[in-house]
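S.K.: This is a predicted model, with the sequence first.
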Amino acid sequence: MVEKVMYMDRKTRIMEIISSSDKPVSASKIAKELGVSRQIIVGDVALLRASGEDITATPRGYILETNRSNHYTIAVKHNNDQLEEELNTIVDLGGKVEDVIVEHPLYGEIKGNLHIYSRYDVSKFMSAVKDRDVTPLSLLTDGVHLHTITAPDEETLERIKEALDEKHILLK
């Protein structure tokens, strides 16, 4: 019984920590705050997700998906050389790149969570691409992909779309 109470308290604290942050929170940071191992947190979050909590795992940690009313989907196409330009354009104009989605001929829709909110995040993402020698999902589909973008309003979204169109990145 004591273990169940401790788990319930920990689960509540995990939700409080994640929901109080507007940026991803790493499992290591949560573990340190709660005095348990990172693996315990990973397991707890898996159970929370299975119970219906809308927690998204990103490369930088966990984030709670709350308000999706300002999420927009755009279709884009570019080569690998324009990846950084695309992401910087979106964040410079007030958008946040939540994910990348491609349509694979065998697997159907493949989605990768990005949660890129700033030029710093773009820089870290681009470093990971170069350092790990990995291929972005968009190269599976000849550069065609979707992004879910968070923007404060439709005016911001339109500015982003116009800028991407001027760079011949927006797919129409």
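M.R.: Cool, got the structure.

S.K.: Which pLDDT value does the model give M8?
M.R.: pLDDT recorded at M8 is 66.

S.K.: Please apply the same query to K77.
M.R.: For K77, pLDDT reads 91.

S.K.: Helices of this protein, start to end?
M.R.: 2-19, 27-34, 38-50, 83-92, 119-131, 154-166 (DSSP state H).

S.K.: okay, the angle between the third one and helix 27-34?
M.R.: Orientation of helix 38-50 against helix 27-34 (axes from the mean of the first three to the mean of the last three C-alpha atoms, to 10 degrees) gives an angle of 100 degrees.

S.K.: residues making contact with helix 38-50?
M.R.: 7, 10-11, 14-15, 27-28, 30-31, 34, 55, 57, 62 (C-beta atoms under 8 Å, 6 or more residues apart in numbering). Using the backbone N, CA and C atoms, a C-beta is placed for each residue, glycine as well.

S.K.: Among those residues, the buried ones, what's the PyMOL command?
M.R.: Buried members of those, defined by 16 or more other C-beta atoms under 10 Å, are picked up in PyMOL with:
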select buried, resi 10+11+14+15+27+30+31+34+55+57+62
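
S.K.: Any buried residues in stretch 15-28, and which?
M.R.: M15, I17, I18, P24, V25, A27.

S.K.: Low-confidence ranges, the protein, go.
M.R.: The chain contains residues with pLDDT under 70 at 1-8, 66-69.
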